[in-house]
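# Please work out how this folds:
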Amino acid sequence: SARGHREGFRMSDDGDDYDAADSGAADCTPIEAGSVKQGKFLMIKGRPCKVTEVSKAKVGKHGAAKCHFIGIDIFTGKKLEAICPASAQLAEPIVDRNEYQLVDISDDDFVTIMDKDNNMREDLQMPNDDALCKKIREQFDGGEDVLLTVLKAVGSEMIIDLKQGQKA
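From the prediction side, this is the model:
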């Protein structure tokens, strides 16, 4: 029917601010809006976010319950929000944290890091956070072993923290 076709069309075309589970993200798992809890990860406006607030509202006698989410982008720290029906299938990004030993910092702010299996990589840049960069440089320049925590989600990776390694 024409009506059914129109509804299917609306889903993707009126600029919904939540991401349907089938948005092609292989590094996400589907989650129903009604089961999203505070502290979980959720894709909002195409960005991986940590949910900081969840509210649910019943809408009238025949309307579907709506969910309202506020989340913080795990890479930029920007606040994003989404409103959607409780039955909507959303995408929960798979978020990995890994620790790497800092081996070197290049002149153009790329880091050479090594994982626990001694595999080296040189494709990450120092974080955008100036205070964190300063701490990393100070400990590294001071001859300390520095362990960097790297957060990975939906194809992006970023250094988010550091720990002092064990003295050899």
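# in this structure, which spans are helices?
Along the chain, the stretches classed as helices by DSSP state H are 2-13, 130-141.
# Dump the last one to PDB, restricted to CA.
Listed next in PDB are the C-alpha coordinates belonging to helix 130-141 (Å, rounded to 0.1, in the frame of the first residue of the first chain):
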ATOM      1  CA  ASP A 130      46.500  19.700  26.400                       C
ATOM      2  CA  ALA A 131      46.700  18.800  30.100                       C
ATOM      3  CA  LEU A 132      46.900  15.100  29.200                       C
ATOM      4  CA  CYS A 133      49.500  15.700  26.500                       C
ATOM      5  CA  LYS A 134      51.600  17.700  29.000                       C
ATOM      6  CA  LYS A 135      51.400  14.800  31.600                       C
ATOM      7  CA  ILE A 136      52.300  12.200  28.900                       C
ATOM      8  CA  ARG A 137      55.300  14.300  27.800                       C
ATOM      9  CA  GLU A 138      56.500  15.100  31.300                       C
ATOM     10  CA  GLN A 139      56.500  11.400  32.400                       C
ATOM     11  CA  PHE A 140      58.000  10.200  29.100                       C
ATOM     12  CA  ASP A 141      60.700  12.900  29.100                       C
END
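# List of residues touching it?
For helix 130-141, the surrounding residues in contact (C-beta atoms under 8 Å, 6 or more residues apart in numbering) are Leu102, Ile105, Met126, Pro127, Val146, Leu148, Ile159, Ile160, Asp161, Leu162, Gln164. No exception for glycine: its C-beta is placed from N, CA and C like everyone else's.
# Check stretch 142-153 too.
Under the contact criterion C-beta under 8 Å, 6+ apart, stretch 142-153 has outside partners 27, 41, 48, 74-75, 93-102, 111, 113, 124, 136, 139-140, 157-168.
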